[in-house]
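# Here is my input, please return the structure:
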Amino acid sequence: MIRRLGDRLSYANVTATIALGVALGGTSYAAMTLPRNSVGATQLRSGAVRSAEVKNGALKVRDLSGQARSALRGKRGPAGPQGPPGTSSGSTGAIALTYKTVKGTVEAASVDSRSAICDPGQRVIGGGMRVDTGSDTSARESYPSIGNTAWTVRVGNDDEVNSGNYTVFAICTSG
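All right, here's what the predicted structure looks like:
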């Protein structure tokens, strides 16, 4: 067997095997003897770390230089044209809002629906519901009516014994 091995040994094979051992041994030695987090900015050459080698989300804005932060901000464009002048009628431009509510009860293991309706001439701009009693009472749907004059909520009760109480509210405006 040694004779067969001797026939195949060449200077190139021996040199390659020794080079592989030194390369792997050096890497293993460095991995085993260098303390954790001992390689820092002073040991890295300029340009040694590229963006592909940095984990997404690892860098924060505070980690960037002031020059890099200002480059991210971009430049402000030219000012647009001046808008039309406001009215001088003394109006503050505030919108008058009205808050409408309706209370409902949903029986055990059932679904109920109620609508909080705006006054005539008003439209709904928001709404929702609040659970007043009942641990398993929750909104199943919450939406404005088709004509935007009310807010409707479908409420379900998953409790099989107790009923639940809730309040639907609508935020209305005449604007």
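# Show me where this structure has its helices.
Using DSSP state H, the helices found in the chain span residues 2-8, 11-33, 66-73.
# Centre-most residue in this protein?
Nearest to the geometric centre of the chain sits residue 57, at 13.1 Å (C-alpha atoms, centre = their mean).
# Ramachandran coordinates for that residue?
phi 80, psi 0 (degrees, to the nearest 10).
# Report the separation between it and residue 48.
Noted for residue 57: a distance of 21 Å to residue 48, by C-beta to C-beta, to the nearest Å. From N, CA and C alone the C-beta is placed, and that goes for glycine too.
# Skip the chain neighbours and tell me the closest residue to residue 107.
Distance criterion C-beta to C-beta, 6 or more residues apart in numbering; nearest residue to residue 107, sequence neighbours excluded, is residue 163 at 4.9 Å.
# That neighbour - how many residues pack around it?
Counted with other C-beta atoms under 10 Å, the neighbours of residue 163 add up to 16.
# Which pLDDT value goes with it?
For residue 163, the model assigns a pLDDT of 94.
# heads up, I number from 21, so please use that
Shifting the count to begin at 21 puts that one at residue 183.
# quick one: the residue nearest to the centre of the chain and residue 83, what's the gap?
Residue 77 is 11 Å from residue 83, by C-beta to C-beta.
# can you check residue 99 too?
Counting by C-beta to C-beta, the gap from residue 99 to residue 83 is 34 Å.
# Who has more neighbours out of the two?
Neighbour totals were compared for residue 99 and residue 83, and residue 83 leads with 9 against 6 (other C-beta under 10 Å).
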